[in-house]
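Asker: any chance you can model this:
(one chain, ligands or ions: 1)
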Amino acid sequence: METFLRWAAELGVSDSIDSSRSRDSCLGDSLSVADFPLAGGRGLGAVRELRKGELVLKVPRNALMNTESMVAKDEKLRNAINLHGSLSSTQILSVCLLYEMSKGKNSFWYPYLVHLPRDYDLLATFGEFEKKALQVEDAVWATEKAIAKSQSEWKEAGALMKELDLKPKFQSFQAWLWASATISSRTLHIPWDSAGCLCPVADLFNYDAPGDDSNTSEGPESVMQTSSPLAISTNNHECLDNAEEVVLVVETHSERLTDGGFDEDANAYCLYARRNYQLGDQVLLCYGTYTNLELLEHYGFMLEDNSNDKVFIPLETSVYSLASSWPKDSLYIHQDGKPSFALVSTLRLWLIPQSQRDKSVMRHVYAGSQISVKNEILVMKWISEKCGSVLRDLPTSVLEDTVILDNIHSIQDPELHLEQEEREAFGSEVQTFLNVNDLWDVIGFSGKDVEFSRKTNRMMCKWRLSVQWRLRYKRTLADCISYCNENLNHLSATTKWD
Ligand SMILES: C[S@@+](CC[C@H](N)C(=O)[O-])C[C@H]1O[C@@H](n2cnc3c(N)ncnc32)[C@H](O)[C@@H]1O
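Answerer: Now for the predicted structure:
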């Protein structure tokens with residue numbers, strides 16, 4: 001890491017206001033590399049108090065790794081790419097990255113490349129077992145789509161990789177998955193290439209979800225390359241009774257979701273503090289607004305506490321056609337269990353007989369007000385029953401998933417010795433994992449001095465992510481049922497007095 005930080009300093013990467021001073025490391029004045037086991041692992045910590053909006057890192061253009069900068073240093077690469085103009089800019093960047101990796105120590109970016117992760121947990125890298133462990137149809141489908149997309153992009157890029165005479169290991173699908181995951185999870189946005197750029201040192205910032213502070217942040221634009229689908233709103237639910245307020249929330253949320261960008265005048269990537277930090281705090285970057293499934297797809301992790309998470313429940317086609325005023329993806333349940341403004345409004349309308357959908361009813365619906373207590377009871381009952389039926393149809397319950405996560409933890413813990421009875425009590429999913437990986441003997445060893453293979457470790461990490469994701473999904477549905485039931489109690493009390 002020291003060699004890398006010295007190399008970066010030589011290129012002008014700096015976390016200091018006085019970037020003219022020559023230094024042994026590009027960090028140390030504002031930031032340092034540290035481990036944050038509970039929030040992204042390796043990341044950047046504050047070595048002093050940082051003020052919101054303050055410039056914390058500058059990476060000059062000559063350090064950025066993008067198609068243009070790689071091609072400029074290599075004529076063979078330039079000529080080959082010119083022959084394959086039909087590939088997307090992301091495919092070309094992936095090939096360039098693999099080509100640069102294949103140069104080993106001869107690559108200009110070698111000191112940076114050796115510190116890239118070896119493995120990723122993005123959906124496209126999931127095997128059959130981990131994919132199935134997601135359980136929820138939408139998530140399984142998103143995984144299949146991500147895998148199929150990677151495969152077809154890899155095949156399309158095959159001719160260019162052959163042209164470059166890459167060694168077979170750099171042409172393999174495994175290598176392609178690695179390169180495209182590196183690009184998906186680490187590139188920053190640049191105006192001149194839609195594939196973005198790899199930005200040494202700046203790609204060590206871990207993720208902070210845009211929260212309440214995002215709309216008042218004074219820092220410049222946010223930066224991560226992967227498109228950030230803007231949420232309709234993260235907290236519009238609180239505005240149920242005022243449709244105008246909802247519009248305001250949507251607008252302010254979409255205003256500022258970023259913490260830096262390429263500065264033409266400075267000819268450098270500039271990163272700013274998105275809030276105040278104390279000495280030792282992890283300094284984070286907002287890559288955009290993502291649900292947990294999107295975080296898994298583009299970055300290979302999820303957040304237990306993600307105010308941008310959304311749970312979609314199956315709705316009748318007639319509900320969607322009624323919801324023409326709201327996009328389909330606005331009909332969801334917030335992570336805290338509250339149904340979205342659009343979902344509640346649409347159901348209010350859907351659950352009232354067509355003959356009664358007059359102007360005054362429509363006005364109530366669009367203003368976010370309840371139509372009548374009777375209608376509101378139907379809405380809450382409907383949502384609660386739907387969530388219940390989704391939960392019942394899934395192969396495991398919240399409790400079973402909690403036990404499976406504990407089992408995964410025990411299997412991963414090198415210190416823990418599992419007694420025979422404990423092993424025999426494993427459920428069928430854990431047993432399948434142990435069978436597939438031939439691990440029954442290994443987990444019985446005291447102190448587990450036998451190490452798992454890299455493949456087993458990777459599979460276990462992805463499996464754990466799948467279980468965490470589906471458990472979070474189920475908890476949201478369970479919280480939604482509680483929310484509806486509370487409302488129902490309140491509404492029935494009201495009707496008693498009517
Ligand atoms: C741009 S890199 C950040 C630096 C990265 N931790 C490293 O060691 O190189 C993005 C990756 O960091 C991890 N990450 C970032 N933020 C995270 C968070 N809040 N929780 C868990 N993992 C996170 C994910 O693996 C993600 O794909």
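
Asker: can you tell me the element Gly43 falls in?
Answerer: According to DSSP states H and E, Gly43 maps onto strand 41-46.

Asker: no, scratch that, I was asking about Cys270
Answerer: According to DSSP H and E, Cys270 maps onto strand 268-272.

Asker: for the chain, which spans come out with low pLDDT?
Answerer: 19, 212-258, 323-324, 444-450, 496-498 (pLDDT under 70).

Asker: hey, where'd the helices end up in the stretch 351-498 of the chain?
Answerer: 359-367, 373-393, 398-412, 420-424, 428-436, 440-444, 454-497 (DSSP state H, counting those that start in this stretch).

Asker: any buried residues in the fourth one, and which?
Answerer: Of the residues in helix 420-424, those buried under the neighbour-count criterion (16 or more other C-beta atoms under 10 Å) are Arg423. Every residue, glycine included, has its C-beta placed from N, CA and C.

Asker: check the fifth one too.
Answerer: Within helix 428-436, the residues scored as buried using 16+ other C-beta under 10 Å are Glu429, Val430, Phe433, Leu434.

Asker: identify the residues contacting the closest residue to the second one other than its chain neighbours.
Answerer: If the residues on either side of it in the chain are set aside, Val430 comes closest to Asn407, at 4.8 Å by C-beta to C-beta, 6 or more residues apart in numbering. With contacts defined as C-beta atoms under 8 Å, 6 or more residues apart in numbering, the neighbours of Asn407 are Phe426, Gly427, Val430.

Asker: which single one of those residues is nearest to Asp393?
Answerer: Among these, Gly427 lies closest to Asp393 (C-beta to C-beta), at 18.1 Å.

Asker: ok, that closest one - contacts?
Answerer: So Gly427 contacts Thr396, Glu400, Val403, Ile404, Asn407 (C-beta under 8 Å, 6+ apart).

Asker: neighbours around the second one, how many?
Answerer: Spelled out, it's Glu400. 16 (other C-beta atoms under 10 Å).

Asker: residues contacting it?
Answerer: With contact taken as C-beta under 8 Å, 6+ apart, Glu400 is in contact with Gly427.

Asker: ok, now how distant is it from the ligand?
Answerer: 25 Å (C-beta to the nearest ligand atom, to the nearest Å).

Asker: likewise Pro60?
Answerer: 19 Å.

Asker: my guess is that residue contacts Ala268, does it?
Answerer: Yes: counting by C-beta atoms under 8 Å, Ala268 is a contact partner of Pro60 at 4.5 Å.

Asker: quick check: neighbours shared by these two?
Answerer: Looking at what touches both Pro60 and Ala268 (by C-beta under 8 Å, 6+ apart), the common residues are Gly12.

Asker: more neighbours: these two, which one.
Answerer: Each of Pro60 and Ala268 has its neighbours counted (other C-beta under 10 Å); Ala268 has more, 22 against 16.

Asker: look up the residues forming beta bridges with the more buried one.
Answerer: Pro60, Asp263 (DSSP bridges).

Asker: that one against Asn62, yeah?
Answerer: No: using C-beta under 8 Å, Ala268 makes no contact with Asn62, being 9.1 Å away.

Asker: intersection of neighbour lists for these two?
Answerer: By C-beta under 8 Å, 6+ apart, the residues touching both Ala268 and Asn62 are Gly12.

Asker: from Ser107, how far off is Leu116?
Answerer: 12 Å (C-beta to C-beta, to the nearest Å).

Asker: ok, Gly388 next?
Answerer: 56 Å.

Asker: for Ser369, same thing?
Answerer: Taken as C-beta to C-beta, the span from Ser369 to Ser107 is 62 Å.

Asker: do any residues in stretch 17-32 lie close to the ligand?
Answerer: No: Stretch 17-32 stays clear of the ligand (C-beta under 6 Å from any ligand atom), getting no nearer than 12.6 Å.

Asker: okay, how far is it across that stretch, tip to tip?
Answerer: 15 Å (C-alpha to C-alpha, to the nearest Å).

Asker: again, but for stretch 295-307
Answerer: Terminal-residue distance, stretch 295-307 (C-alpha to C-alpha): 13 Å.
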